[in-house]
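K.L.:
the sequence isn't on hand, but the structure is:
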């Protein structure tokens, strides 16, 4: 069985983090509550909002829904999202989830 290839970390656009923070504040959510609704850890949300990480496509979809992003914000978020990382990536699946 071939091992999945995980790309090197990509540097997010400088505007992504501040845009996400502004959108979160606009919704009135504190960081921990937003992270819970998005389905990520609070620490990971901080990484996104400070421009240290790019989200996976799965996480980006959840962010867009929870933060009710407009079309321009969604376009910026999805332009930086990665297809091969995150919750849905085979290398990230837990052992238990591989069994029915």
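P.N.:
Done, it's in. On a predicted model such as this, the values are computed, not experimentally measured, just so you know.
K.L.:
so what's the gap between stretch 70-86 and the chain middle?
P.N.:
The chain centroid and the centroid of stretch 70-86 are separated by 8 Å under C-alpha atoms, centre = their mean, to the nearest Å.
K.L.:
which stretches of this structure have low pLDDT?
P.N.:
Low-confidence segments of the chain, defined by pLDDT under 70: 1, 4-9, 84-100.
K.L.:
for it, what spans make up the strands?
P.N.:
Applying DSSP state E to the chain gives no strands.
K.L.:
could you pull up phi and psi at residue 69?
P.N.:
phi -70, psi 150 (degrees, to the nearest 10).
K.L.:
and the gap between it and residue 20?
P.N.:
Separation of residue 69 from residue 20 (C-beta to C-beta, to the nearest Å): 9 Å. All C-beta spots, glycine's among them, are computed from the backbone N, C-alpha and C.
K.L.:
and if you look at residue 75?
P.N.:
Taking C-beta to C-beta, one finds residue 75 at 14 Å from residue 20.
K.L.:
okay, now residue 25: neighbour count?
P.N.:
Residues within reach of residue 25, counting by other C-beta atoms under 10 Å, total 13.
K.L.:
picking up where we left off before, of residue 75 and residue 20, give the one with the bigger neighbour count.
P.N.:
residue 20 (24 against 11).
K.L.:
tell me what the lengthiest helix in the chain is packed against?
P.N.:
When the chain is parsed with DSSP state H, its longest helix is helix 16-27. When contacts are defined as 3 or more C-beta pairs under 8 Å, 6 or more residues apart in numbering; DSSP states H and E, helix 16-27 packs onto helix 31-38, helix 42-49, helix 71-80.
K.L.:
roughly how far does the closest residue to residue 41 other than its chain neighbours sit from residue 74?
P.N.:
Distances taken as C-beta to C-beta, 6 or more residues apart in numbering put residue 35 closest to residue 41, at 6.1 Å, once the chain neighbours are dropped. Distance of residue 35 to residue 74, computed by C-beta to C-beta: 19 Å.
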